[in-house]
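# Predicted model and sequence below, questions to follow.
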Amino acid sequence: MRVSGEVDSRTAPQLSAAIHRQLDAGTCRRVVVDLRGVKFIGAQGVMVLENARQHAEANHIGFCLVAEGRAVLRPLQALGMIESFELCDEPEP
């Protein structure tokens, strides 16, 4: 799934719902979240990703972020969350 724009307190609930729909569909073994189009991610957005990662792990579903640039990587590092995530180079086709 591709995410773009800003992930803040206004948009984080929409992101959470979209990711959890994929996780709960029962049809995937791995969810890849492509964040390369994200210009800003706030703490609430990072928590959405962490909650989704935990949900995926609990259900034995792989969870990977495609992230580059300061807009996403810096908040993950600042919040001490970067090591929690598997980072992918490219989304799978």
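Received the coordinates, thanks. Numbers count the residues shown, from 1 in each chain.

# Am I right that R21 is in a helix?
Yes. R21 forms part of a helix when assessed by DSSP: H, G, I helix; E, B strand; the rest coil.

# What is the burial count for it?
By the other C-beta atoms under 10 Å criterion, the neighbourhood of R21 contains 10 residues. No exception for glycine: its C-beta is placed from N, CA and C like everyone else's.

# Mind pulling up the pLDDT for it?
Confidence at R21, expressed as pLDDT, is 95.

# give the contact list for it.
For R21, no contacting residues are found, by C-beta atoms under 8 Å, 6 or more residues apart in numbering.

# With H20 instead?
A52, H55.

# mind listing the strands for this structure?
2-7, 30-41, 62-66, 86-88 (DSSP state E).

# Can you tell me which of these is most buried?
strand 62-66 (a mean of 20; mean count of other C-beta atoms under 10 Å).

# Mind giving me the packing neighbours of that one?
With contacts taken as 3 or more C-beta pairs under 8 Å, 6 or more residues apart in numbering; DSSP states H and E, strand 62-66 sits against strand 30-41, helix 43-58, strand 86-88.
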